[in-house]
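> next input, structure requested:
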Amino acid sequence: MLFMIVERFKNGDPVPVYRRFRERGRLAPEGLHYVSSWVDATLATCYQVMETSDAALIDQWIANWADLVECEVVPVITSKDAAAKLVGAEPRRMPATPFGGATPIFRVQNLVPSVAYYVNVLGFTLDWQDPGIIASVSRDRCGIFLTEGDQGQPGTWVWIGVPDIEPLFEDYRRKGARIRQAPTNFRWAYEMQIEDLDGHVLRIGSESKEGQPFGPWFDMHGRFWGPAPEGGWKRVSS
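Model prediction:
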């Protein structure tokens, strides 16, 4: 499969990107292959074609550059393949409306300290805000809306995937983040629970660790659950 990666250099600055490329190469995982690339005349955006049979490798590769570029991924085919698909084809129907990414909305009691917590402790960036009403914060490809006294209830949970949670956990611990559950291994992921000032929970996880035991799971009521020998889960002590 071919993918067009639209890479927009952060702050319009290509220098850090090319410096890392000279020092460390393309940083593409095995199974992801470079085809070709172009850069616009302003040196602010790169259009790069990559090929792989495993689309998950695209996300792994983008994570290696996320601090320097913002990426948009578009599956593509060659013009020759497109022409072959259209031979004898019926008139094309209007495609269904495409959906974008979902952005969770967290109701907060006071916007000012909540924004400060997300920015200063959790490492998010304040994108924009309407003081006393709503703010948008983001970190890389993760965005969250914070609304003061409106839209929802405290205790909303959201999942966020990252390449490796261990350095992030150490950073959060140093900064005084509210750690609801330290990194724990599960069948589906190696994850931790981080709580914000209003009780919303960020489940942040990376790949499950092979050869390590699972659980326990810490639920929304403050109860621990461990894998049962017969399958499923059972209550356990902390």
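> does R8 touch T45 like I think?
Yes - here R8 lies in contact with T45, judged by Cβ atoms under 8 Å, at a distance of 5.2 Å. Just so you know, the C-beta spots here come from the backbone N, C-alpha and C atoms, and that holds for glycine as well.
> for the helix or strand of the chain with the lowest mean pLDDT, which outside residues touch it?
For the chain, counting by mean pLDDT, DSSP states H and E, helix 79-86 ranks last in confidence among helices and strands (a mean of 83). Helix 79-86 is contacted by residues I77 when judged by Cβ atoms under 8 Å, 6 or more residues apart in numbering.
> who does the helix or strand following it pair up with?
Note on helix 79-86: by DSSP states H and E, the next helix or strand toward the C-terminus is strand 105-108. Sheet pairing of strand 105-108 (DSSP bridges) gives strand 142-148 (parallel).
> one step back: ok, R8 and T45, which is more surrounded?
Between R8 and T45, counting by other Cβ atoms under 10 Å, T45 is the more crowded of the two (18 against 13).
> distance of the more buried one relative to E23?
Computed as Cβ to Cβ, to the nearest Å, the T45 to E23 distance reads 22 Å.
> how far is the least confident helix or strand of the chain from where the chain is centred?
Here the centre of helix 79-86 is set off from its chain's centre by 34 Å, with Cα atoms, centre = their mean, to the nearest Å.
> okay, now the nearest residue to N120 once chain neighbours are set aside: neighbour count?
Distances taken as Cβ to Cβ, 6 or more residues apart in numbering place K175 nearest to N120, at 7.4 Å, with adjacent residues excluded. Using other Cβ under 10 Å, K175 is surrounded by 12 other residues.
> can you verify my assumption that K175 contacts V119?
No - using Cβ under 8 Å, K175 makes no contact with V119, being 11.0 Å away.
> okay, and the beta partners of the nearest residue to Q151 once chain neighbours are set aside?
Leaving aside its chain neighbours, Q151 sits nearest to I105 (5.0 Å; criterion: Cβ to Cβ, 6+ apart). Beta-bridge partners recorded for I105 (DSSP bridges): F145.
> mind checking the SS state of V6?
strand (DSSP: H, G, I helix; E, B strand; the rest coil).
> actually R20, not the one I typed
Counting by three-state DSSP, the backbone at R20 sits in helix.
> how close does it get to F169?
Counting by Cβ to Cβ, the gap from R20 to F169 is 25 Å.
> how about P183?
From P183 across to F169, the span is 5 Å (Cβ to Cβ).
> repeat that for R180.
Using Cβ to Cβ, R180 is found at 12 Å from F169.
> which stretches of this protein have low pLDDT?
Applying pLDDT under 70 to the chain flags the ranges 88-92, 238.
> domain assignment for it?
Domain assignment for the chain, taken from automatic domain parsing, gives 2-79, 105-236.
> of those domains, which is nearest P98?
Across the domains of the chain, P98 has its closest neighbour in domain 2-79 (11.6 Å, Cβ to Cβ).
> related to what we said a few turns ago, what is in contact with P183 and F169 at once?
Common contacts of P183 and F169 (Cβ under 8 Å, 6+ apart): M192.
> show me the beta-bridge partners of the nearest residue to G215 once chain neighbours are set aside.
Closest residue to G215 apart from its sequence neighbours, by Cβ to Cβ, 6+ apart: G226 at 4.5 Å. Beta-bridge partners for G226, by DSSP bridges, are K234.
> tell me, how many residues neighbour G226?
14.
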